[in-house]
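please find the sequence and the predicted model below.
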Amino acid sequence: MPLPRPLLARAERTVLREVLVHGPLPRAELARRLGLSRATLTRSTRALVNGHLLTEAAAERRSATGRPSEMLQLETETYRFLGFKLTGDRLYAVVTDLSAQVLFSADEPLVTADVADVVAQIAAVTRRAEKERPGITAIGVCLAGDIVYDGDDPVVMQSAFLGWDGVRLGMLVRQATGYTCAVQNDVLALTTAEHWFGAGAGLSSLALITVGAGIGCGLVMHNAVVAGAHGRAGRLSHVIIDSGGPICGKGHRGCASSYLVNDAIVRAVGGSTLDYSQVLDKARSGDRAALRAFEDAGTALGSLVAHVVNAIDPEKIILSGDGLAVYEFAAHEVHDALTRNLDAEQHVDLDVQPFDFSEWARAGAVLAITELFSPTGDVPSHTRRAAAPSDSIAPIAP
Ligand SMILES: [Zn+2]
């Protein structure tokens, strides 16, 4: 049984978001940061405590006046969020609490990539997850593809791995499970997860670059995830790195994808009989050809990072994805190519995040969490702007 989604007033959303992104905060500090009157803060926190979203913790610090200031922290015992990541042939699921801590995870092969079959499989996993972790209030699904909103309805417009186009996935999952379901491009969802709960929490600009089966790029500018005019994450796969390099699937010579994606690394080692994990083993045992392939991939990755820094100058670049072995074997090449390709001499804060494939499904759950902050009825166009963790710091009428 779905636990109804709490409906929050604007000031309540602002207070909750601040605690979500920055951790437990004293009341006085919250009022100061958000520019809220004592009355508004009291009213908002009372509603959030009654709604099982915040709790009052023991006073830990003393305020400037010497009085203990009550701490507000997340209440993580009530609401559960179910996240999915779909690949072309597999489904990953996690249940998290309100702080995006994973409480349950599952993964299984897709029976087929047919829309009706995938929705039925999501519904079956949802029933299992409900038994394991009662209190689920919303679902979030992420996948590689372009997602646009038709009103409140997320529509998968293009997903090459699944072969989908024009699929109203949010509505179909809602009908099959009874839960509201947000859908987002996987790289944008992971960018949101890093921005709210990860290495990018509290930053107003960052770029996330993911390496794996493809190359993804998500941007945060002015404290909001950039959703693009057509629901697309940034695309860096076919930036030319070396015009004399190998040919990619689109016929480019020497683009980033011809060096950097997992399949390209396997091809470079020359093994039609090898898979990526075997190439990894070879590199770990010191095989020269395998190491060379990772070094070339590292050079491509460093160049891409430099392009992003040159274009938008973010506070931080986060590297993630299941192809991060590139950094393990070729950190030197990454930094070398980065320095060589930067327009200006500058320090780049490059944050390499340990990655587990369930991170993608957790990003789906974060999507469901951030839906708490997206009031319906203010959707401006066919593409909904991704939520930002603290974009409503603007004064709020008491
Ligand atoms: Zn290409």
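All right, it came through fine.

C-alpha from now on. contacts and neighbour counts both.
OK.

I'd say Asp351 and Lys316 touch.
Yes. With contacts counted by C-alpha atoms under 8 Å, Asp351 reaches Lys316, the gap being 7.1 Å.

looking at the two, which is more packed in?
For Asp351 versus Lys316, the count of surrounding residues by other C-alpha atoms under 10 Å is larger for Lys316: 20 against 14.

hmm, the more buried one is touching Ser204, no?
No. Applying C-alpha under 8 Å, one finds Lys316 not in contact with Ser204, separated by 9.7 Å.

so, low pLDDT: which residues of the stretch 151-300 of the chain?
For the stretch 151-300 of the chain, the stretches with pLDDT under 70 are 271.

the strands in it, which residues?
Per DSSP state E, counting those that start in this stretch, the stretch 151-300 of the chain carries strands over the ranges 153-158, 181-185, 206-211, 215-221, 224-225, 234-235.

show me what from the stretch 151-300 of the chain comes close to the ion.
Listed as neighbours of the ion in the stretch 151-300 of the chain under the rule C-alpha under 5 Å from the ion: His238, Cys248, His252, Cys255.

ok, the residue of the stretch 51-200 of the chain found nearest the ion - contacts?
Distances between the stretch 51-200 of the chain and the ion by C-alpha to the ion are smallest at Ala160, namely 15.7 Å. By C-alpha atoms under 8 Å, 6 or more residues apart in numbering, the contact set of Ala160 is Ala144, Gly145.

next, it: phi, psi?
With angles defined as degrees, to the nearest 10, Ala160 sits at phi -60, psi -40.

what's the closest non-adjacent residue to Val94?
Ser105 (4.2 Å; C-alpha to C-alpha, 6 or more residues apart in numbering).

give the contact list for that neighbour.
With C-alpha under 8 Å, 6+ apart, Ser105 has these contacts: Tyr92, Ala93, Val94, Val95, Ser358.

nearest to Leu74, of those?
Distance to Leu74, by C-alpha to C-alpha, is smallest for Val95 among the contacts of Ser105, at 16.8 Å.

the domain parsing of the protein - what is it?
Following automatic domain parsing, one finds the domains of the chain at 10-74, 80-191+358-373, 201-352.

for the stretch 51-200 of the chain, what spans make up the helices?
115-132, 169-177, 186-197 (DSSP state H, counting those that start in this stretch).

what's the last one packed up against?
The reference is to helix 186-197. Here helix 186-197 touches helix 10-22, strand 136-143, strand 206-211, strand 215-221, strand 224-225, helix 358-370, going by 3 or more C-alpha pairs under 8 Å, 6 or more residues apart in numbering; DSSP states H and E.

about what we covered before: to Arg33, which of the strands of the stretch 151-300 of the chain lies closest?
Proximity to Arg33 (C-alpha to C-alpha) singles out strand 224-225 among the strands of the stretch 151-300 of the chain, at 18.6 Å.

each with direction, which strands does the closest one pair with?
According to DSSP bridges, strand 224-225 forms sheet pairs with strand 215-221 (antiparallel).

now the strand it pairs with - C-alpha only, CSV.
C-alpha atoms of strand 215-221 as CSV (Å, rounded to 0.1, in the frame of the first residue of the first chain):
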residue,chain,number,x,y,z
ILE,A,215,30.1,8.8,-21.8
GLY,A,216,27.6,11.0,-20.0
CYS,A,217,27.8,14.6,-18.8
GLY,A,218,25.5,16.2,-16.3
LEU,A,219,25.8,19.9,-15.4
VAL,A,220,24.7,22.0,-12.4
MET,A,221,24.7,25.7,-13.1
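
which residues are contacting that strand?
Residues outside strand 215-221 that contact it (C-alpha under 8 Å, 6+ apart) are 187-188, 191, 195, 204-210, 225-226, 233-237, 257, 260-261, 314.

so how far is that strand from its chain's centroid?
In terms of C-alpha atoms, centre = their mean, to the nearest Å, the centre of strand 215-221 is set 10 Å apart from its chain centre.

stretch 358-376 too?
9 Å.

got the angle between the longest helix seen in the chain and strand 215-221?
In the chain, assigned by DSSP state H, the helix with the most residues is helix 288-312. Per axes from the mean of the first three to the mean of the last three C-alpha atoms, to 10 degrees, the angle that helix 288-312 makes with strand 215-221 is 30 degrees.

give me the most central residue, this structure.
Leu190 (1.3 Å; C-alpha atoms, centre = their mean).

give me the mean pLDDT for stretch 318-329.
Per-residue pLDDT over stretch 318-329 has a mean of 92.

ok, back up a step: so can I have JSON lines of the helices and strands packed on helix 186-197 showing mean neighbour count?
Shown next, in JSON lines, are the helices and strands packed on helix 186-197 (neighbours: other C-alpha atoms under 10 Å):
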{"stretch": "helix 10-22", "mean neighbour count": "20"}
{"stretch": "strand 136-143", "mean neighbour count": "27"}
{"stretch": "strand 206-211", "mean neighbour count": "26"}
{"stretch": "strand 215-221", "mean neighbour count": "24"}
{"stretch": "strand 224-225", "mean neighbour count": "23"}
{"stretch": "helix 358-370", "mean neighbour count": "29"}
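
list the contacts for the residue in the stretch 201-350 of the chain that the ion sits nearest to?
Closest approach between the stretch 201-350 of the chain and the ion, counting by C-alpha to the ion: His238, at 4.0 Å. Going by C-alpha under 8 Å, 6+ apart, His238 touches His252, Cys255, Ala256, Ser257.
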